[in-house]
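Enquirer: model this:
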Amino acid sequence: MQPASLPTVPRLRSVTTMIDDPGPLRDLLPEAGACAWFHRDDGMIGLGEAARCEVTSLAEANAWWKAVATALDDGSAQDPLPSGVGSLAFGTFVFDDTNTTRTSVLVVPSIVVGSREGRHWMTRVGPADAPLPEPVLPVPTTTPQGPGAVSWSDGAMSGPDWEEVVAGAVERIAQGRLEKVVLARNVIATTQAPIDPRWLLGRLSPRYPRCWTFWVDDMVGATPEMLVRVDQGLVTSRVLAGTIWRGALGPKRRSPGETGGRGVEDTFSSTAIAEVLSQSEKNLGEHQLAVESVARALAPHSTSMNVPETPYVLELPNVMHLATDVNAVVRPGTTALALAAALHPSAAVCGTPTDVARATIAEIEGMDRGRYSGPVGWIDSHGNGEWAIGLRCGRLQPDGRSIEIFAGCGIVADSVPATELAESNAKLVPMRDALEG
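Expert: Residues are numbered from 1 along each chain as shown. Purely as a prediction, here's the structure:
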């Protein structure tokens, strides 16, 4: 449903030109006033702001952007442009717009520089009645520097207190009040020197190439979960639910015969860990709930859909996830933001049933998630886009020397609080290492 009134819709014009290889896009970023989106060797950066819209919901954002795109004067020679090439908006959205003090935001950059599959482009955007920015690549005036010494403190609650909350959630599930709830926790990092988002991107992107590394407004991270991608009518949603971390099986003791002396501790192989995950009834059940929630949400917007019967194991440096890629063909005129609104929140970040799980999170989690676990990504003027779930991320604080980082776990009937705490610590590793490493 379209909101009754929209934020002011600017009249913009844009021009896109293909350019020579600009080199690593991270090297073009300033230390503030930018957006970034990287996946493997592809990516886009946004510089400056041609327009900005604070919104309260995904539906409002979709209506505003459709109005902006309709009024847009696109002076590019190639029409239509490939997905993601041309004028676009970056966005980051709250998890629950009824239980937060934060707003969601869409940012239309003045300049977008992008690289995909060997093609490189620059898009310039500005008011319809004003000159566009000059078509020159930016030259940053500073080099990213590390934040120095890092000190850590509890966020909303300590680890033991969070374990008690998990235990309470397991009891609610045992009583039949819900099937699954995703509970998150936060920790605060305080640094000696200011935190440069470019430093975090430079450490996250090469370490987690299978993830989508992002910097939008005050959110920075590397998420493994794609809520929805729309590319010329084809839709993909990657479901991640069911997790095991590399130390979950504990140390493996080799026999004296294997070492020629007394037994020594070793670690289990990735294959052995993946096998345990793929055979875990607890994780498979949690994953199935998440897949079903995505399929139900996509069905009304799709003309056909493919849902694999069994998940695969997505291996990351810190954890492994059960993963399923749901594919569909979208109905004409349906935008990536409209699908994000239909899909969010999925069971992977909220729970089942959705309304009960969301209310439970608001009641017992004890913190304002803000934009953590909400959609983050981009949309172009044709409705194509990529909206991931804001995971493995942090919120940069206004003081410039602290960041709030988050991790969450799916709680089901046989969840063990201590195990869930250990899993949450493993999910904090990417951001902790980016800050400290």
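
Enquirer: ranges for the helices of the stretch 201-350 of the chain?
Expert: With helices called from DSSP state H, counting those that start in this stretch, the stretch 201-350 of the chain shows them at 256-259, 270-278, 281-298, 336-343.

Enquirer: And these, which one averages the lowest pLDDT?
Expert: For the helices of the stretch 201-350 of the chain, the weakest mean pLDDT is recorded on helix 256-259, namely a mean of 39.

Enquirer: measure stretch 170-183 end to end?
Expert: Here the two ends of stretch 170-183 are set 11 Å apart, with distance taken as C-alpha to C-alpha, to the nearest Å.

Enquirer: Then stretch 356-375?
Expert: With C-alpha to C-alpha as the measure, the first residue of stretch 356-375 is 20 Å from its last.

Enquirer: ok, back up a step: tell me which of the helices of the stretch 201-350 of the chain sits most buried.
Expert: Mean neighbour count (mean count of other C-beta atoms under 10 Å) peaks for helix 336-343 among those, with a mean of 25. C-beta coordinates here come from the backbone N, C-alpha and C atoms, glycine included.

Enquirer: Show me what it is packed against.
Expert: Identification of packing neighbours for helix 336-343 by 3 or more C-beta pairs under 8 Å, 6 or more residues apart in numbering; DSSP states H and E yields helix 58-71, strand 226-231, helix 281-298, strand 375-380, strand 385-389.

Enquirer: Send me stretch 325-345 as PDB with only the CA atoms.
Expert: Coordinates of each C-alpha in stretch 325-345 appear next as PDB, following Å, rounded to 0.1, in the frame of the first residue of the first chain:
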ATOM      1  CA  ASP A 325      19.000 -19.900  -2.900                       C
ATOM      2  CA  VAL A 326      15.400 -19.400  -3.800                       C
ATOM      3  CA  ASN A 327      14.900 -18.300  -7.400                       C
ATOM      4  CA  ALA A 328      11.800 -16.800  -9.000                       C
ATOM      5  CA  VAL A 329      10.500 -14.700 -11.900                       C
ATOM      6  CA  VAL A 330       8.900 -11.500 -10.700                       C
ATOM      7  CA  ARG A 331       5.700 -10.000 -11.900                       C
ATOM      8  CA  PRO A 332       6.200  -7.000 -14.200                       C
ATOM      9  CA  GLY A 333       6.500  -3.700 -12.400                       C
ATOM     10  CA  THR A 334       7.600  -5.200  -9.100                       C
ATOM     11  CA  THR A 335      10.700  -3.500  -7.700                       C
ATOM     12  CA  ALA A 336      13.500  -4.800  -5.500                       C
ATOM     13  CA  LEU A 337      12.300  -2.600  -2.700                       C
ATOM     14  CA  ALA A 338       8.700  -3.900  -3.000                       C
ATOM     15  CA  LEU A 339      10.000  -7.400  -2.700                       C
ATOM     16  CA  ALA A 340      12.300  -6.400   0.300                       C
ATOM     17  CA  ALA A 341       9.100  -5.100   1.900                       C
ATOM     18  CA  ALA A 342       7.300  -8.400   1.300                       C
ATOM     19  CA  LEU A 343      10.200 -10.500   2.600                       C
ATOM     20  CA  HIS A 344      11.300  -8.500   5.600                       C
ATOM     21  CA  PRO A 345      11.500  -9.700   8.300                       C
END
